[in-house]
Structures are given as structure tokens and as C-alpha cells.
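Visitor: here's my sequence, what's the structure:
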Amino acid sequence: MTVLVTGASGFTGGCLARFLAGRGDRVRALVRRRDRAAGLDASGIEIVEGDLTNRESLRRAIEGTEVVYNIAALYRDAGLPSAEYRAVNATAVGTIVELAQRAGVRRVVQCSTVGVHGDIKTPPANEDAPLAPGDLYQETKLDGERIGRETAARVGLELVIARPTGIYGPGDRRLFKIFGKIATGRFVMLGPGTHFYHVTYIDDLCEGFRRCATVPGAAGGTYILGGGEVPTLQQLVVLTAEIAGVRPPRLRLPVWPVWLAGAACEAVFVPLGMSPPIYRRRVDFFRKSRAFDISRARRELGFSPAVRLADGIRRTLEWYREQGWI
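Guide: Residues are numbered from 1 along each chain as shown. Below you'll find the predicted structure:
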């Protein structure tokens, strides 16, 4: 197929573009800056400069494709106004669906997040669990789901929503703050670590995205894509330390004093457009459960995570070593 991947200069989008090209698809990659996507050229991927908020650049990128994977998003940046998050994560989804239908695209796969479910009180949660986004990123991703569905129903286009759990693997920098810090002895545990943290290895996620695009019965569906194992944070930390050949972190602090410190930092730094040294959201990582049921994706998509958690962590740590980070 001829496909478009937005956000291809990022970790997930870039991996997906190379994954699909490696399986024979003709891949077009939408990037904001060509100089950030130089590595994609070697995989035979067509590079198109554009922006989700620029309708004309979207139209050019979508024209002639059969499937659009919308991976691009604004993640979390304290210096950006809420209107910019909504323009990229929500409003643009409707524009993509509308332009895709006009261009004769068969299906759009919209990458959302399990974060739209918030803290999971009775894990594991499935796609029908209550929706309780906890920050602007999650709120706008949920708005993007709604706008995408409404637009798809209005114009008559197939839309599939994918909600990945935490994404990791070689090339990822975001979860270095977990795996890398454990490996270098700089990880500090807050609280007992008894809540769950569900992650997805990048290769498994890419296969899940591909199935969202190609399985006929998936049209109109919403699917949680996660790894086959759901550890507690403590189990994840111990396993990572074991693979890295280091002792598990011994320093453990109570959650709530740090959470209050995060609130104070946000009150000072955010109005100045600066990133606080401590966020409440980051502290919430140590107290909110993220455990999900992937049965629907297994049953309806044939999704079957192939990379065991220990193998995925090992590959990720090896990449960190190659970069000289650990």
C-alpha cells in the first residue's frame, strides 16, 4: 500500500515508517523539518515537509495514499499554550479525516493514548473503562478521538483508534528516565511501587498499528495496544536492575511531600513559560496504576506481542550503551 505516517521525525512515527517500509509499503513521511528526518531517506521513505495545522500541507501529503497513520502529537511542554495542544491533538484529527475522505483514502489510524482512562482504580482496564484524562495532553487526545469519530461518521470514512500503553525500545529517549536511571544507579523510588506500569515494545506497537490499518473488521474500533506482561513498578525496577547488572535502588521517599513540592514548582515556573524541575504529573507516575487488558486487540486484530519484557529492556539498555548514555 501507499501510506502516510505523520510525526515521522519522532520516535514512534519514525519507527513505524521504517517498519512499514520494511514490509513492502510505499511510505510517505510527514515531518515539520526535513533535517530531522534524514535517517528515513535510507529506507526509501518519501519525505514531505508540513504541519498538522497547515491544511494545504496536509492535503499534499495525503493525496495518493490509501492509509493515513496519524502519529504526530504535541506531548508535554510547559511553554506551549493550550490552544496549540488543541490545534494539533484535537482539531487536526478532524481535518485529516476530512481530507483523507476527499482524497479517496481507505482508512485513518489515529494514535491516541491509554492516558485518556486516567488512574485505573480496578486494573486491568479495557477500552470501555471510564474516561478520566488527567492533564491537557490527555484531554486533547481524548478530544481528538471524539472529533475524529464524529468527522468519520459524517464523511463516511473508516477510522480506527489505537491507544498505546507506555512506549519503549531502542531509539526512545523518554523512558530513559526510568530504565537509564536504574542502570546508572540514579533512580529514586517514591512510595512502595505496588501500582502497575504497563509498557509496549516499539516493534509490537508497530505491528499493532499495521493490524489496525489492515484488518477489515477493525473499522470503527478502538483498541488498547500493550505488552503481554503487566508488572508492578517495583517488579519493573528490579527486573531492569537485574538486566543492567546493578543493585536495585535503595533510596525510597514518601510520595506526598514530593507531590506537594511539585505543585509549588508548577505554581512558580509554569506562569513564566518554564519547565518545573518537579511536576505533579511525574510524581503521579509513582502512585497511579496503568494496567490494561489487551483482549480485544488479541481477539479482533490478531494482535500478539512477541517481545517479552526482559528482552525488550535488554535491547533498550544495549542501545543506551551504544549511545554512551550508560
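
Visitor: how about residue 81, what does it touch?
Guide: Residues in contact with residue 81 (Cβ atoms under 8 Å, 6 or more residues apart in numbering): none are found. Heads up, the C-betas are built off the backbone N, CA and C, glycines and all.

Visitor: distance check, residue 118 against residue 135.
Guide: 10 Å (Cβ to Cβ, to the nearest Å).

Visitor: looking only at neighbour counts, state which of the two leads.
Guide: residue 118 (20 against 15; other Cβ atoms under 10 Å).

Visitor: now do the contacts for the more buried one.
Guide: Residue 118 neighbours (Cβ under 8 Å, 6+ apart): 130, 131, 132, 133, 134, 138, 288.

Visitor: try 6 Å this time
Guide: 132, 134 (Cβ atoms under 6 Å, 6 or more residues apart in numbering).

Visitor: give me the pLDDT for it.
Guide: According to the prediction, residue 118 has pLDDT 90.

Visitor: got it, and the one 5 residues further on?
Guide: Predicted confidence (pLDDT) for residue 123: 89.

Visitor: doesn't residue 290 make contact with it?
Guide: No: in this structure residue 123 lies outside contact range of residue 290 using Cβ atoms under 6 Å: 8.1 Å.

Visitor: need the overlap of contacts for these two.
Guide: Common neighbours of residue 123 and residue 290 are listed as residue 196 (criterion: Cβ under 6 Å, 6+ apart).

Visitor: more neighbours: which of these two?
Guide: Comparing residue 123 with residue 290 by neighbour count (other Cβ under 10 Å), the higher total belongs to residue 290, at 24 against 16.

Visitor: where in the protein is pLDDT low?
Guide: 38, 76-79 (pLDDT under 70).

Visitor: which residue sits closest to residue 268 in space, ignoring its chain neighbours?
Guide: Distances taken as Cβ to Cβ, 6 or more residues apart in numbering put residue 276 closest to residue 268, at 7.3 Å, once the chain neighbours are dropped.

Visitor: repeat for residue 315
Guide: Computed as Cβ to Cβ, 6+ apart, the closest residue to residue 315 that is not its neighbour in sequence is residue 170, at 5.7 Å.

Visitor: number of nearby residues for residue 69?
Guide: 31.

Visitor: which SS class is it?
Guide: strand (DSSP: H, G, I helix; E, B strand; the rest coil).

Visitor: where's it relative to residue 117, distance?
Guide: Between residue 69 and residue 117 the computed distance is 22 Å (Cβ to Cβ).

Visitor: show me the beta-bridge partners of residue 48.
Guide: According to DSSP bridges, the partner residues bridging residue 48 are residue 30.

Visitor: distance of it relative to residue 268?
Guide: 41 Å.

Visitor: looking at these two, which one has more neighbours?
Guide: residue 48 (19 against 10).

Visitor: list the contacts for that one?
Guide: Residue 48 neighbours (Cβ under 6 Å, 6+ apart): 28, 30, 61.

Visitor: that one and residue 89, how far apart?
Guide: Taken as Cβ to Cβ, the span from residue 48 to residue 89 is 20 Å.

Visitor: ok, now residue 269?
Guide: 23 Å.

Visitor: and what of residue 228?
Guide: For residue 228 relative to residue 89 (Cβ to Cβ), the value is 28 Å.

Visitor: which one of those two has more residues nearby?
Guide: The neighbour comparison of residue 228 against residue 89 (other Cβ under 10 Å) goes to residue 89, with 27 against 16.

Visitor: how many neighbours does the closest residue to the more buried one other than its chain neighbours have?
Guide: Take residue 89 and drop its neighbours on the chain: the residue closest to it by Cβ to Cβ, 6+ apart is residue 140, 3.7 Å away. Neighbours of residue 140 under the rule other Cβ under 10 Å: 23.

Visitor: pretty sure residue 140 sits against residue 85.
Guide: Yes: in this structure, residue 140 is within contact of residue 85 by Cβ under 6 Å, at 4.6 Å.

Visitor: following the top helix by length along the chain, which helix or strand shows up next?
Guide: Determined from DSSP state H, the single longest helix within the chain is helix 136-155. Beyond helix 136-155 in the direction of the C-terminus, DSSP states H and E gives the next helix or strand as strand 158-164.

Visitor: and that following strand, what does it pack against?
Guide: strand 107-111, helix 136-155, helix 202-214, strand 222-225 (3 or more Cβ pairs under 6 Å, 6 or more residues apart in numbering; DSSP states H and E).

Visitor: CSV please, covering the ones you listed and showing distance to residue 166.
Guide: Output for the helices and strands packed on strand 158-164, formatted as CSV (distance: least, Cβ to Cβ, whole Å):
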stretch, distance to residue 166
strand 107-111, 14
helix 136-155, 13
helix 202-214, 10
strand 222-225, 11
